[in-house]
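> What follows is a predicted structure for the sequence shown.
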Amino acid sequence: MGVDPNAAFARHWKKTHGQKVTIRQSHGGSGKQARAVIDGLEADVVTLALAYDIDALAEHGQLVPRDWQSKLPDRSSPYTSTIVFLVRKGNPKAIRDWGDLMKTGVLVVTPNPKTSGGARWNYLAAWAWALRKPGGSEASAEQFVRKLYANVPVLDSGARGSSTTFAQNGIGDVLLAWENEARLLVEQVGRDRLEIVIPSLSILAEPPVAVVTRNVERHGTGEVARAYLEYLYSEEAQRLVAKHFYRPRLESVARGLGRRFPPVQLVTVDEVFGGWQRAQRAHFADGGTFDRIYRPGGE
Amino acid sequence: MGSQGRTRRGAVVTDPERRETLARTPSPVAWLLVAIAASFLGLFLVLPLVAVFAQALAKGLGPALAAIADDETLSAIRLTLMTVAIAVPLNVGFGLAASWAIAKFEFCGKSFLVSLIDLPFSVSPVVAGLVFVLLFGARGLLGPALADQGLQVVFAVPGIVLATTFVTFPLVARELIPLMQAQGNEEEEAAITLGASGWQTFRRVTLPKIRWGLLYGVILCAARAMGEFGAVSVVSGHVRGETNTMPLHVEILYDGYDFVGAFAVASLLALTALATLGAKSWIEARGPRRSVA
């Protein structure tokens, strides 16, 4: 196909090491995949939606070292994305920014942050916007997010489920989605039916990658596993991830693609929420803010 | 849990008579009932089936066949067939042993055993899958010990076979128990009185009597084993080209927006279901006459 980073890495490895490498893939929601690796899925590398899920691998079963995030550049995320809005063609509900999502009569589609990693980015992006706007406070942010989730008719368990609900089943006025997922959906469903709205502020989504140390030790695949992840930072791979609508880390690649990725004011989980562990405890753990603000079926 | 009313053979024998009575009195009520049943079947069975094939062939036969010839799809088909090839014989062995014991002997705890056989039907497949993860997972009861021996059960082929065997467990036994109970023991007793060994009695007397029921159970078991989604999804690990069965592969293709591929594989599953139906009616039409004669 020429756009598959796995095939490209296999060629690269063949050229540099003379070995044929076969990459077997298992895809699924971030939390679910982490759980499977903890329960014994023999993955050599994981590429998940958020650092919290790789922390879980360190915590339960010592599958990765605790300092896994410092093993690779850019906090171990070779590409980034952000949260954008996907609306129906012509933007009939005039949705321009986060504030428009809490208006009455706007139906918002986003997955359940209790089960979906992607959904947590959506939630935190909304919270960060409300917090950072003039006069914003923790209380006003909570109030905003409460109103937003009152406009959510159904919480799917994963990001892909929400995409299907919105694009295939035609439910809702706006889908909160990762930029790459939104762009892919526009390509799949058609420019004549959907369009993307970029909010004034969003969150820098940094999907992390890691070598599952315990498994590669057993398989003797440490070298190729590490090389695979390092390859993701190479110019060739960065061009490929950009083709899949992820924002590349490499300046030289990003610069040439300016028009493809419009500039957005971005905040990070670390600077607004003090890292994933704290965000998780405060917002998504049982009894956290999300449990407090969300009533199934809306209010 | 008796044999009355549960034997399929009985129903088949009375069927033609009933059809005759209906045919003689075509009242408006009968027409209404037929119309309701037909439209229900059309809406819930025929239409979805047509939709599956229509989606698969939406871009023509070529892309549908190409999707099936894909490496990952072929591997899913191979894995599914292999799972069926292991799970069905296991369940035939088990079903024969269990129904033989239950139909021919009296022992304490028999009714408990009968309800135990039904357990896989009453347990949700997700729970069935999770049980195997809890038992054989890396942090499970037996998992670490087996992993030390280099044996990977969950997220590998053995786990998929185990989960499939578990959920299809009752199908053969459920088919044979009422049949054997209805047939009684006289012929076996006669054979043994005439000096036949246990094995000879089973092979020469019992097996010919139950073979149609057994075949029916095997077909049901194979169909269910092919189509099982829930339990297998939990223990599979979804590694493409390795631990993906056909139903799981359909979901993966669908999630990847590959609708032609998803429905092409779904069509294969639907075709096996249709083949099962065909085989079932063939057996029902042919079986009783043979075994009665």
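Received the coordinates, thanks.
> Helix or strand: which one has B:K209?
helix B:207-227 (DSSP states H and E).
> contacts for that helix?
B:8, B:80, B:83-84, B:87-88, B:91-92, B:95-96, B:164, B:167-168, B:171-176, B:179-180, B:183, B:187, B:246-247, B:269, B:272-273, B:276, B:279-280, B:283-284, B:286-288, B:290-291 (C-beta atoms under 8 Å, 6 or more residues apart in numbering or on different chains). Yep, even glycine has a C-beta here, placed from its N, CA and C like the rest.
> what does stretch A:110-125 give?
Defining contact as C-beta under 8 Å, 6+ apart, one finds that stretch A:110-125 is touched by A:29-32, A:48-50, A:52-53, A:82-83, A:98, A:145, A:152, A:155-159, A:161-162, A:175-178, A:181, A:199, A:201-203, A:205, A:269, A:272-273, A:279-280, A:283-284, A:290.
> longest strand of chain A?
strand A:79-88 (DSSP state E).
> May I see the buried residues of it?
For strand A:79-88, a neighbour-count test (16 or more other C-beta atoms under 10 Å in any protein chain shown) marks A:Y79, A:T80, A:S81, A:T82, A:I83, A:V84, A:F85, A:L86, A:V87, A:R88 as buried.
> now stretch B:205-224
Neighbour count says stretch B:205-224 has B:205-206, B:210, B:212-224 buried, by 16+ other C-beta under 10 Å.
> Let's verify the closest residue to chain A within the stretch 101-250 of chain B: helix, strand, or coil?
Going by C-beta to the nearest C-beta, chain A is nearest to B:A138 of the stretch 101-250 of chain B, at 3.3 Å. Assigned by DSSP: H, G, I helix; E, B strand; the rest coil, the conformation of B:A138 is coil.
> what's near enough to touch it?
Listed by C-beta under 8 Å, 6+ apart, the contact partners of B:A138 are A:I38, A:D39, A:G40, A:G61, B:P144, B:A147.
> Spatially nearest residue to the first one, not counting backbone neighbours?
What it means is A:I38. Nearest non-adjacent residue to A:I38, counting by C-beta to C-beta, 6 or more residues apart in numbering or on different chains: A:H60, 4.9 Å away.
> now swap in the third one and tell me
Nearest non-adjacent residue to A:G40, counting by C-beta to C-beta, 6+ apart: B:A138, 3.3 Å away.
> Need the mean per-residue confidence for stretch A:262-276.
Averaged across stretch A:262-276, the pLDDT comes to 91.
> first to last residue in that stretch, what's the distance?
26 Å (C-alpha to C-alpha, to the nearest Å).
> Helix or strand with the lowest mean pLDDT in the chain?
Looking at chain A here, since you left the chain open. helix A:251-256 (a mean of 84; mean pLDDT, DSSP states H and E).
> And that one, what does it pack against?
With contacts taken as 3 or more C-beta pairs under 8 Å, 6 or more residues apart in numbering or on different chains; DSSP states H and E, helix A:251-256 sits against helix A:235-243.
> May I have the helix it packs on as CSV, with CA atoms only?
The C-alpha coordinates for helix A:235-243 follow below in CSV (Å, rounded to 0.1, in the frame of the first residue of the first chain):
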residue,chain,number,x,y,z
GLU,A,235,11.5,10.9,8.9
GLU,A,236,10.1,8.1,6.8
ALA,A,237,7.7,6.9,9.5
GLN,A,238,6.8,10.5,10.5
ARG,A,239,5.6,11.1,6.9
LEU,A,240,3.5,8.0,7.1
VAL,A,241,1.9,8.9,10.4
ALA,A,242,1.1,12.3,9.0
LYS,A,243,-0.7,10.5,6.1
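> neighbours of the residue nearest to A:I38, just the number please.
When neighbours are defined as other C-beta atoms under 10 Å in any protein chain shown, A:H60 has 15 of them.
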